[in-house]
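Engineer: here is a sequence with its predicted model. Questions after.
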Amino acid sequence: MTLVVAELRAGYGASQVLDGIEFRIAPGEVVTLLGRNGMGKTTTIRAIMGLLPGLGGRILGGEISFGDTALASPSAGLPPHRIGRLGLGLVPEGRQVFPTLNVEENLTATAASRHGPPRWTLPAVFALFPRLEERRRQPGAQLSGGEQQMLAIGRALMTNPALLLLDEATEGLAPLVRAEIWAVLARLKAEGMAILLIDKNLAAAMRLADRHVVVEKGRTVWTGSSQALAAAPQVRETYLHI
């Protein structure tokens, strides 16, 4: 199913954050949201996942759909648990693992099989992240930042999503852990999983993604392939460099 974000406008209270976000993600496609801090990337993810109402936000205009199902519009919106059941899995900024549950409990707490035998089971996640199996009895709070990010990705995969959304996939991680996360994302792409990705590592994102959506002040200002972005130094300089 294709995710479509059309002319999305949203905000918190009296503050408007998004003022015309537009993009789509087809099955099996990897798309990045790029832009400097504070430009609306995380708010876009929250809008897709139905999280804005719980954070004092709301959709002001436009709409979001996944396949034939409307996820959000100014007049209606699905709650996060129903959006998750449709096949969207979130790896949130800050990881947000359950601190008192151990690794195995964190993973099994979100496990779901949507259509037939699940692709992502506990053994499959442990095969993807062997370090998690080694620490399967440790509470989430006792894991390193890199291990918590692996756990957050594994937890999202255990919902067996059709589309994986990652907000700041490798922020604050050690270089070796970052490389491992990028390798895992490349493997997921090779297996046909659709991915929406926010990350500051532009070089790695350009190697992985099919297309990039550049956001400035809550608006989509540029969309194109990695090859097109590499050939557009003015876009990188104007919208992506601090």
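Structural biologist: Sure thing, it's come through.

Engineer: so how far is stretch 18-28 off the chain centroid?
Structural biologist: In this view, stretch 18-28 has its centroid 13 Å away from the chain centroid, taken as Cα atoms, centre = their mean, to the nearest Å.

Engineer: what residues of it count as buried?
Structural biologist: 18-21, 23, 25 (16 or more other Cβ atoms under 10 Å). The way it works is simple: take the backbone N, C-alpha and C, and place the C-beta from them, glycine included.

Engineer: check stretch 44-56 too.
Structural biologist: Under 16+ other Cβ under 10 Å, the buried positions of stretch 44-56 are 44-52.

Engineer: residues in contact with that stretch: which ones?
Structural biologist: Applying Cβ atoms under 8 Å, 6 or more residues apart in numbering, the contact partners of stretch 44-56 are 3, 5, 8, 10, 12-13, 18, 21, 33, 43, 57-59, 64, 71-72, 77-80, 82-84, 88, 90, 92, 165, 167, 196, 198, 215.

Engineer: in helices, which of the residues you listed appear?
Structural biologist: Among those, the ones falling in helices (DSSP state H) are 43, 80, 82-84.

Engineer: what would these look like in TSV with distance to residue 29, pLDDT and neighbour count?
Structural biologist: Formatted as TSV, those follow (distance: Cβ to Cβ, whole Å; pLDDT from 0 to 100; neighbours: other Cβ atoms under 10 Å):
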residue	distance to residue 29	pLDDT	neighbour count
43	22	97	23
80	23	95	17
82	23	95	12
83	19	96	22
84	20	94	19
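
Engineer: just the helices in this protein please.
Structural biologist: Remark: helices assigned in the chain by DSSP H are 41-48, 80-85, 103-108, 122-128, 130-134, 145-157, 175-190, 202-208, 226-230, 233-235.

Engineer: the fourth one - contacts with which helices or strands?
Structural biologist: Spelled out, that is helix 122-128. With contacts taken as 3 or more Cβ pairs under 8 Å, 6 or more residues apart in numbering; DSSP states H and E, helix 122-128 sits against helix 103-108, helix 130-134, helix 145-157.

Engineer: no further queries at this time; thank you.
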